[in-house]
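S.K.: Could you look at this predicted model? Sequence included:
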Amino acid sequence: MKFFNREKEIKEITSILEGEPNQIYFIYGSINSGKTTLINHIINNKLDDNYKVFYINFRTYLISEKKDFIEAIFSTKKDDFLETIKDKSEVLNLITKGARILTGVPIPEVEFNKLFEERINDAFQYLNNIMLETRKNGKTPILILDELQMIKDITTNGQKYLLKELFQFLVSLTKEQHLCHVFCLTSDSLFAEYVYNTGELEGRAKHLLVDDFDKETSLRFMDFLAKEILNKPELPKEQKEQIYSLVGGKPADIYNIIDEIRYKKLDDILNQMLKVEVSKLNMFLEIMEYSKPKIEIGNNIIEINKKDVLNALKLFKNKYKIPIKEISLHIYSYLIKENILFLNPTEETLKPQSFLVWNAIKRVV
């Protein structure tokens with residue numbers, strides 16, 4: 001399917017890439033807002049061979065300690081199979097003549113095995129050398145860390161130092177050496193803020209929001225999909241309004257609905273989606289009665305009270321977006337962790353992860 005919209009974000013990111021590396025960029029947005037689709041469109045369609053992309057998707061790994069983190073950074077794949085690299089000449093060949101986009105940072109097997117025995121700084125030094133070698137061969141390196149929130153278990157397993165060292169190293173690549181562009185993608189903006197503060201990134205990192213579509217863009221996207229999927233010039237206006245009222249501008253939800261229209265009635269699709277979301281929210285609240293969930297805030301472990309959660313959710317009965325100050329830190333942190341709310345740290349606002357979640361909230365509380 002052809003890529004749709006995001007001209008503003010594409011222009012902003014390509015303009016960044018045309019300049020000298022100078023900042024770490026957090027590309028954030030609610031779940032399924034299109035962050036990965038956007039960055040993949042740019043690196044596959046908007047860059048020439050003067051760039052070399054090192055793309056690391058943390059979602060493909062269970063990362064809870066240093067070993068897992070190193071494997072995620074340095075495991076390279078070809079046709080979905082892990083590659084074994086024998087010597088430095090193969091690494092150099094991948095950098096100079098290989099594909100423009102590499103999944104992982106290439107490293108000879110012998111050196112890769114050594115990384116598990118030595119300090120994390122040795123891994124960062126090797127990574128730095130790869131970026132220098134890439135530059136030496138006339139290419140601008142781009143390091144992409146997708147699904148950044150998947151490394152947050154490191155912070156709860158006594159390895160907070162690793163997170164700080166990682167981002168201090170990324171500052172060295174960008175702000176200090178101007179060697180490599182760095183983009184970190186995440187749907188967990190609360191974790192991004194934690195990283196920002198832990199890594200001492202003030203003046204060294206910026207945020208780029210990839211939000212759900214506004215209403216006008218959503219309706220145009222529906223007509224675009226009608227042509228692409230249904231071979232129709234457009235959807236009837238009442239159907240578009242019906243879809244938007246349930247899922248808003250969430251690209252993934254809109255796509256799934258239009259795709260299912262091929263073999264299901266629209267009313268059945270929407271009713272089922274809402275029924276599932278309401279059921280999930282009810283189950284979430286019911287489980288709270290028995291699990292007595294807790295969340296760590298700073299050095300404190302705070303128990304989450306169901307009544308406080310319900311009071312927080314009631315604030316969204318008539319509003320899609322509210323100021324962050326209206327909900328206690330431990331409550332909104334918990335609801336973000338459970339993928340019910342989304343924090344926009346720039347605006348200091350909270351909203352449901354999607355219109356669909358919002359519609360479920362309005363029916364449950």
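M.R.: Structure received.

S.K.: leaving aside the residues next to it on the chain, what's closest to Val278?
M.R.: Excluding the flanking residues, the one nearest Val278 by CB to CB, 6 or more residues apart in numbering is Ala360, at 4.7 Å. Every C-beta, even on glycine, is put in place using the N, C-alpha and C of the backbone.

S.K.: pLDDT averaged over the helix or strand harbouring the one you found - what is it?
M.R.: Assigned by DSSP states H and E, Ala360 belongs to helix 355-364. Averaged over helix 355-364, pLDDT sits at 97.

S.K.: Could you do stretch 135-151 as well?
M.R.: 94.

S.K.: Which positions within that stretch qualify as buried?
M.R.: By 16 or more other CB atoms under 10 Å, the buried positions in stretch 135-151 come out as 135, 139-151.

S.K.: related to what we said a few turns ago, run through the neighbouring helices and strands of the helix holding Ala360.
M.R.: In this structure, helix 355-364 packs against helix 237-247, helix 266-291, strand 349-352, with contacts taken as 3 or more CB pairs under 8 Å, 6 or more residues apart in numbering; DSSP states H and E.

S.K.: avg pLDDT for the second one?
M.R.: Read it as helix 266-291. The average pLDDT within helix 266-291 is 95.

S.K.: what does the first one give?
M.R.: Throughout helix 237-247, pLDDT has a mean value of 97.

S.K.: Also the last one?
M.R.: pLDDT averaged over strand 349-352 equals 97, rounded to a whole number.

S.K.: Partner strands of that strand, with direction?
M.R.: Partners of strand 349-352 in the sheet, by DSSP bridges, are strand 322-323 (antiparallel), strand 341-344 (antiparallel).

S.K.: quick one, which of those is packed in tightest?
M.R.: strand 341-344 (a mean of 23; mean count of other CB atoms under 10 Å).

S.K.: ok, residues contacting that strand?
M.R.: Residues outside strand 341-344 that contact it (CB atoms under 8 Å, 6 or more residues apart in numbering): 30-31, 187, 189-190, 193, 209, 324, 332, 335-336, 349-353.

S.K.: Tell me how far that strand lies from the chain's centre.
M.R.: Distance of strand 341-344 from the chain centroid (CA atoms, centre = their mean, to the nearest Å) equals 13 Å.

S.K.: Report the contact partners of Asp122.
M.R.: Applying CB under 8 Å, 6+ apart, the residues near Asp122 are Lys114, Leu115.

S.K.: and it, what helix or strand is that in?
M.R.: Going by DSSP H and E, Asp122 is in helix 120-136.

S.K.: how much distance is there from that helix to the middle of the chain?
M.R.: Counting by CA atoms, centre = their mean, helix 120-136 comes out at 25 Å from the chain centroid.

S.K.: So for Leu92, which of the strands paired with strand 349-352 sits nearest?
M.R.: Comparing these against Leu92 with CB to CB, the closest turns out to be strand 341-344 (42.9 Å).
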